[in-house]
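> I'd like to go over a predicted model; first the sequence, then the structure.
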Amino acid sequence: DQELAFGSASLSWTVGALDACPLRVHLASNFALHPCAGFTAGVVSTRAGGGVVNARDPSRPWAALDLHGRLAWEPVGFLAIEMEAGAMAPLYREQFFFLPNFDVYQAPIIGLFGRAGASVRFP
């Protein structure tokens, strides 16, 4: 959310991601590194409020490519604890603003990200 003296704007981002991690580099008996590439796509939605007149509330498609590394620890055969870090580049840099020239948000050229999780393997 961004709020200025003459109004406010809210942005929401809904995405899905597809990753390809074709290699597995064994670092130790239960540690592995996976270099990955990914594609993320979704929708960016905006909503103006707080007295903004003639507002447009568009929803726009959004897509990005990324490179990241995934470190996996498998303490037992069916359980993996994973951490990832990487960089993402949007295919189109969205910019949101109030006229005449008050920027609300512009997507960066490169964004950094990290995530962690666990997975369970079923036979």
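Good, I have the coordinates.
> quick one: terminal-to-terminal distance for stretch 43-60?
5 Å (CA to CA, to the nearest Å).
> ok, now stretch 18-32?
20 Å.
> who's in contact with it?
33-40, 68, 70-75 (CB atoms under 8 Å, 6 or more residues apart in numbering). Just so you know, the C-beta spots here come from the backbone N, C-alpha and C atoms, and that holds for glycine as well.
> Now the buried members of those.
34, 36, 38, 40, 68, 70-72, 74 (16 or more other CB atoms under 10 Å).
> Any idea what the nearest residue in space to Glu84 that is not next to it in sequence is bridged to?
Sequence neighbours aside, Arg70 is the residue nearest to Glu84 in space, at 4.6 Å (criterion: CB to CB, 6 or more residues apart in numbering). Under the criterion DSSP bridges, Arg70 forms beta bridges with His34, Glu84.
> so what's Arg70 up against?
21, 33-34, 36, 82-84.
> In those, find the pair that's most separated.
Cys21 and Met83 (13.5 Å; CB to CB).
> where does Pro22 land in three-state SS?
Here Pro22 is coil, with the state taken from DSSP: H, G, I helix; E, B strand; the rest coil.
> And it, how close does it get to Phe78?
Distance of Pro22 to Phe78, given as CB to CB, to the nearest Å: 23 Å.
> out of the two, which sits in the busier spot?
Phe78 (11 against 8; other CB atoms under 10 Å).
> Would you list the phi and psi of the more buried one?
phi -100, psi -10 (degrees, to the nearest 10).
> Contacts only, for the nearest residue to it once chain neighbours are set aside.
Spatial nearest neighbour of Phe78, excluding adjacent residues (CB to CB, 6+ apart): Arg121 at 4.8 Å. Contact analysis of Arg121 by CB under 8 Å, 6+ apart lists 77-80.
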